[in-house]
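[1] Here is a sequence with its predicted model. Questions after.
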Amino acid sequence: MNQQSSISNLQSQSGAKGEGRRAERNRQSPNLQSPVSQSLRLNRRHLEERIFVALMRLCMVGAAVALSMILAVIFWRGVGALSIEMLTQPPRGSFYLGGGGGIANAIAGSMLLALGATAVAFCLATPLVLYLHAYAGRSRVANWVRLTLDVMWGIPSIVYGAFGFSLMIVLGLRASLLAGIIALSFVVLPILARTLDEVMRMIPRQLAETGFALGATRLEMAGLLLRQALPGLFTALLLAFGRGIGDAASVLFTAGYTDNMPSGLFAPVASLPLAVFFQLGTPFPAVHARAYASALVLTVIILVISLVAHLSMRRLGRHVVR
Amino acid sequence: MYSLAVQNLNVWYGGQQALKNITVDFPERRISAIIGPSGCGKSTLLKSLNRLLELNESVRVEGRVLLDGEDIYAPGVDVVEVRSRIGLLAQKPFPLPMSIFDNVAYGLRLQGRNKREIAEIVEAQLQAVGLWDEVKDRLKAPATGLSGGQQQRLCLARTLAVRPEILLCDESTASLDPISARGIEELLAALRTHYTVIMVTHDIEQARRLADFVIFMWLGELIEQAPAGDFFDAPAAELTQAYLARRIG
């Protein structure tokens, strides 16, 4: 009975109507609840906590299981096809029928595409974000720039691919590494810029005050911001690179595909996501296994880069004020 | 030699008035303490003196702040130059994201001094704040590795290295342990022969120990300003008496 009433108390307190009733009860006698009902109530709250913690843990485990299953499937289906030849040689003529050769063309192509796009985006995003933080502040212009970047982030990469394709026609470019880098930079730019923007928002206002008080101009203060944001910049670059190397749609028309190793800015290049796509599209189990091996290579590249970035962040971050 | 005066200063944050018609003449080569309860406008007044206030976009300033007779808010005044003449020691020590040496050298490099000069001044300033012996073997180490008290002394050295004429201190001992705080107080006391020091403090005892001149503020208004002796022994305003007796604030 007691527990029943404490439950109904709980319910009534949560509603707006309950406020008045509770106030009234408190006025009549502030310590009306007996110690017994209070301890029952406490039990109930502990039970509540246990249930919700269990639910949260379940969600956490769910996410971990999903990730491990993806990794396990790729590993299990792909590791058999993995070989030195696969990693170091471009495909031979009969590759897509189960013949010899490897995906070195796609590994090199993807690295070049992602590196190029990240570099281009870095050159644009860093000055842009520094301007936002050192000059634009919370002005209307700054808000518009942020909104634009958010919209750009949301645009599907096939749209950038199509846009890049029309741009190629205007510029008279053929499907090439350069065209792929340009299209991929559109995908990567908003990610890099907005991540860096968020990193810089975390920088204490006191850094700017300190710089200005020592007689720094806004540009010199921007230099301080950049130093303080260095570890975050690294993370942002990593995120951008990871997103870039995995993107298939933007490079589909622009970078083209070739079985040759990359041979220059104006020649087409292969990429890992498209290598997976083309190999999965064949009817041969041996080629399917290679598709999974290619996916495994892509995943391992991303994992290694994450790890390296994580380790070097600590070194870069040793000057940073927290 | 250098003097700082405030005339009819009004400051608004958005629609809210934070400072109401403040007029003060800060005595040169003395320590002036601005005291008052939280939210009374003491930090606002301090930050209006080197135009750091305008980093806040919604702020509006009216009135004059005279540095050597010239209004620092007048059109055409170079704010970078004004700020380099007025040093600031903040409430929380904030080392720049660089080494111990570079922290002190930062302002000097902005001024375009040569390497030898910079090295000399850095050593001299670190010695002046009593930090040299503790850090001389690790000048290239990150400044973030120092303790809070050491960091605040480093910040003082950094501020003084650029030879400001006036030193502003915004509750500069509030975040330190008592021993470090006492160390900073002693340094400030020693500075008064060379600098005009203006400090904000919520600690009446600290003002009593250090200040030559005291300004008491309440809800954005200046209630009383007087030499420290008069201020503490015979406060004129009723509010001041109540505050000093800790009946309010």
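    Good, I have the coordinates. Numbers count the residues shown, from 1 in each chain, chains lettered A, B, ... in the order given.

[2] Quickly list what the spatially closest residue to residue B:191 that is not a sequence neighbour is bridged to.
    Spatial nearest neighbour of residue B:191, excluding adjacent residues (C-beta to C-beta, 6 or more residues apart in numbering or on different chains): residue B:197 at 5.9 Å. C-beta here means a position set from N, CA and C on the backbone, and glycine is covered the same way. When bridges are called by DSSP bridges, residue B:197 pairs up with residue B:31, residue B:167.

[3] so residue B:197 touches residue B:170, yeah?
    No. In this structure, residue B:197 is not within contact of residue B:170 by C-beta atoms under 8 Å, at 11.9 Å.

[4] Tell me which of those two has more neighbours.
    residue B:197 (24 against 21; other C-beta atoms under 10 Å in any protein chain shown).

[5] Now do the contacts for that one.
    Residues in contact with residue B:197 (C-beta atoms under 8 Å, 6 or more residues apart in numbering or on different chains) are B:30, B:31, B:32, B:166, B:167, B:169, B:188, B:191.

[6] what do you get if the cut-off is 10 Å, keeping everything else the same?
    If a contact means C-beta atoms under 10 Å, 6 or more residues apart in numbering or on different chains, then residue B:197 has B:26, B:29-33, B:87, B:89, B:166-169, B:188-189, B:191, B:210-212 as its contacts.

[7] Contact partners for residue A:47?
    Going by C-beta under 10 Å, 6+ apart, the list of residues near residue A:47 is empty.

[8] Can you give the distance from whichever strand or helix holds it to the centre of its chain?
    Here residue A:47 sits within helix A:35-78, counting by DSSP states H and E. Taking C-alpha atoms, centre = their mean, to the nearest Å, one finds the center of helix A:35-78 at 25 Å from the center of the full chain.

[9] tell me the mean pLDDT for it?
    Per-residue pLDDT over helix A:35-78 has a mean of 93.

[10] Stretch B:222-229 now?
    Mean predicted confidence for stretch B:222-229 is 93.

[11] and it, which residues are buried?
    B:222, B:223, B:224, B:225, B:226, B:228 (16 or more other C-beta atoms under 10 Å in any protein chain shown).

[12] is it true that the first one touches residue B:25?
    No. Here residue B:222 does not reach residue B:25: they are 11.6 Å apart, not a contact under C-beta atoms under 10 Å.

[13] Common neighbours of these two, please.
    Taking C-beta under 10 Å, 6+ apart as the criterion, residue B:222 and residue B:25 both touch residue B:6.

[14] circling back to that earlier point, can you list residues touching both of residue B:197 and residue B:170?
    With C-beta under 10 Å, 6+ apart, residue B:197 and residue B:170 have common neighbours residue B:89.

[15] still on that earlier bit, and the residue nearest to residue B:191, how far from chain A?
    15 Å (C-beta to the nearest C-beta, to the nearest Å).

[16] Quick check, residue B:154 in contact with residue B:105.
    No. The pair residue B:154 and residue B:105 fails to qualify as a contact (C-beta under 10 Å) at a distance of 11.6 Å.

[17] Show me which positions of stretch A:304-312 end up buried.
    By 16+ other C-beta under 10 Å, the buried positions in stretch A:304-312 come out as A:305, A:309.

[18] can you tell if it touches chain B?
    No. Using C-beta under 10 Å from any C-beta of the partner chain, stretch A:304-312 stays clear of chain B, with a minimum separation of 15.7 Å.

[19] Just list whatever residues bridge to residue B:66.
    Going by DSSP bridges, residue B:66 is paired in beta bridges with residue B:5, residue B:71.

[20] list the contacts for it?
    Residue B:66 neighbours (C-beta under 10 Å, 6+ apart): B:3, B:4, B:5, B:6, B:7, B:25, B:72, B:73, B:74.

[21] go on, residue A:100?
    Applying C-beta under 10 Å, 6+ apart, the residues contacting residue A:100 are A:85, A:86, A:89, A:91, A:92, A:93, A:94.

[22] How about the residues of chain A by chain B?
    Taking C-beta under 10 Å from any C-beta, the part of chain A that reaches chain B is made up of A:137-139, A:203-218, A:220, A:224-231, A:316-322.

[23] ranges for the helices of the chain?
    As the question left the chain open, I've gone with chain A. A:2-14, A:16-28, A:35-78, A:84-88, A:104-131, A:140-154, A:157-171, A:177-201, A:205-213, A:218-228, A:230-245, A:249-252, A:272-280, A:285-316 (DSSP state H).

[24] switch to chain B, that's the one I care about
    Going by DSSP H, chain B shows helices at B:42-48, B:79-85, B:100-110, B:115-128, B:132-135, B:148-161, B:178-191, B:204-210, B:228-233, B:238-244.

[25] what's the most buried one of the helices of chain A?
    Mean neighbours per residue, mean count of other C-beta atoms under 10 Å in any protein chain shown, is largest over those for helix A:249-252, with a mean of 26.

[26] Show me what residue of chain A gets nearest to chain B.
    Going by C-beta to the nearest C-beta, chain B is nearest to residue A:215 of chain A, at 2.9 Å.

[27] Isn't that residue up against residue B:81?
    Yes. Assessed by C-beta under 10 Å, residue A:215 is found in contact with residue B:81 at 7.6 Å.

[28] which of the two has more neighbours?
    Counted by other C-beta under 10 Å, residue A:215 and residue B:81 do not tie: residue A:215 has more neighbours, with 22 against 10.

[29] Now that one. Nearest residue, chain neighbours left out?
    Per C-beta to C-beta, 6+ apart, closest to residue A:215 is residue B:84, 2.9 Å.

[30] what's the answer for residue A:217, then?
    residue B:80 is the one closest to residue A:217 (C-beta to C-beta, 6+ apart), at 5.5 Å.

[31] for that neighbour, what are its contacts?
    By C-beta under 10 Å, 6+ apart, the neighbours of residue B:80 are A:212, A:215, A:216, A:217, A:218, A:220, B:51, B:110.

[32] Which one of those residues is nearest to residue A:115?
    Distance to residue A:115, by C-beta to C-beta, is smallest for residue A:220 among those, at 30.5 Å.

[33] Residue A:229 versus the closest one, what's the distance?
    Distance of residue A:220 to residue A:229, computed by C-beta to C-beta, to the nearest Å: 15 Å.

[34] remind me which residues of the stretch 101-250 of chain A are low pLDDT?
    Judged against pLDDT under 70, the stretch 101-250 of chain A has no low-scoring part.

[35] Phi first, then psi, for residue B:76.
    The main-chain torsion angles of residue B:76 are listed as degrees, to the nearest 10 and equal phi 90, psi -10.

[36] give me every residue that touches it.
    Neighbours of residue B:76 in contact, by C-beta under 10 Å, 6+ apart: none.
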